[in-house]
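Undergrad: pasting the structure only:
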């Protein structure tokens, strides 16, 4: 009994520092943001903040910029998530074959994932610059495909397309690694049995591989959707939410409200609206994917 008590104290001793940091830098800010969302928060004198109830949440429902940022977040997620998953699975299937230089190609595809968001965002901003950008130079001056330079980052449609292209390019490697690990866990006897039965590689992929990858697909899709709705650095550095706030996403709008306009109450309310959206989407996905695998 005394030995078990001593062991418990040892465990608590090692857990307490991590628990302290978790409560101080995770739980407390979340609860504080919830409190702020119900106030017209005074950052200089918090004790004089005015309680306004759900007004910040109601303001979001009437705010056209909020709806624009929500629409852009949905568009970004809808385009980038399937693209990353399809391309990641395609590359994973290729790398699952017996080919030379497999380790090199894995590193090559994964390299964008570990590259700094700041660095690649500034790189894409240069590449798609309307005057001195490399893309315009190649299309107009080298290939002569377009008659004049395209204002990639000055038009909402093309600017959002550039941001989505960056998101896809940077995320394919992550999906590839997860899919590749799942592919390598498929039992070899299934492949041998399918070969003996005369199943073609395509038939085996759709009838056996994809059903077995269902839990992996669920995990990747949930993580990518969360990441899609949390896109921030690329938008902030490439367009800043412009032109005229037409490329705002939820996180940049939340950031601009909180730290740009010092409207911390409204920014906190936006953060909880975003959290609710992600929670609902994730719950629906879990329900859809939480079914037995049929083959």
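TA: Alright, I've got the coordinates. Small disclaimer: the values here were computed from a predicted structure and weren't measured.
Undergrad: can you pull the buried residues of stretch 150-158?
TA: For stretch 150-158, the buried set under the neighbour-count rule, 16 or more other C-beta atoms under 10 Å, comprises 150, 152, 153, 156, 158. Backbone N, C-alpha and C define where each C-beta goes, glycine included.
Undergrad: ignoring the adjacent residues along the chain, who's closest to the first one?
TA: Read it as residue 150. Excluding the flanking residues, the one nearest residue 150 by C-beta to C-beta, 6 or more residues apart in numbering is residue 136, at 6.1 Å.
Undergrad: wait, isn't that neighbour in contact with residue 153?
TA: No - with contacts counted by C-beta atoms under 8 Å, residue 136 stays clear of residue 153, the gap being 10.9 Å.
Undergrad: list residues touching both of these two?
TA: 128, 129, 130 (C-beta atoms under 8 Å, 6 or more residues apart in numbering).
Undergrad: so the last one makes contact with residue 150?
TA: This points to residue 130. Yes - the criterion here is C-beta under 8 Å, and residue 130 meets it with residue 150 at 7.0 Å.
Undergrad: where do the contact lists of the two overlap?
TA: Counting by C-beta under 8 Å, 6+ apart, the contacts common to residue 130 and residue 150 are residue 136.
Undergrad: contacting residues for residue 120?
TA: With C-beta under 8 Å, 6+ apart, residue 120 has these contacts: 112, 166, 169, 170, 234.
Undergrad: just give the closest residue to residue 230, not the sequence neighbours.
TA: If the residues on either side of it in the chain are set aside, residue 230 comes closest to residue 251, at 6.0 Å by C-beta to C-beta, 6+ apart.
Undergrad: right, and the pair among the buried residues of stretch 150-158 with maximum separation?
TA: Farthest apart among the buried residues of stretch 150-158 by C-beta to C-beta are 150 and 156. That separation is 13.5 Å.
Undergrad: name the single longest helix found in the protein.
TA: For the chain, the longest helix by residue count, based on DSSP state H, is helix 64-95.
Undergrad: just the shared contacts of residue 136 and residue 153 now: which is nearest residue 281?
TA: Taking C-beta to C-beta as the measure, residue 281 lies nearest residue 128 of those, at 29.9 Å.
Undergrad: now that closest one: how far from residue 112?
TA: Computed with C-beta to C-beta, to the nearest Å, the distance linking residue 128 and residue 112 is 17 Å.
Undergrad: of these two, who's got more company?
TA: Set side by side, residue 128 and residue 112 give different neighbour counts by other C-beta atoms under 10 Å, the larger being at residue 128 (23 against 16).
Undergrad: my guess is the more buried one meets residue 161, correct?
TA: No - using C-beta under 8 Å as the test, residue 128 is too far from residue 161 to be in contact (9.4 Å).
Undergrad: excluding its backbone neighbours, what's nearest residue 179?
TA: residue 92 (3.7 Å).
Undergrad: list the contacts for the one you found?
TA: Residue 92 sits in contact with 175, 176, 177, 179, 180, 183, where contact means C-beta under 8 Å, 6+ apart.
Undergrad: related to what we said a few turns ago, list the buried ones in the longest helix of the chain?
TA: Here helix 64-95 shows 65-66, 68-70, 72-74, 76-77, 79-81, 83-85, 87-89, 91-93, 95 as buried, counting by 16+ other C-beta under 10 Å.
Undergrad: average model confidence for it?
TA: Confidence for helix 64-95, expressed as mean pLDDT, is 94.
Undergrad: repeat that for stretch 214-231.
TA: Averaged across stretch 214-231, the pLDDT comes to 92.
Undergrad: what does that stretch rub up against?
TA: Stretch 214-231 is touched from outside by 73, 76-77, 80-81, 84-85, 88, 163, 167, 171, 175, 178-179, 182, 210, 249-251, 274, 277-278, 281-282, 285-286, 288-290, 293, with contacts defined as C-beta under 8 Å, 6+ apart.
Undergrad: no further queries at this time; thank you.
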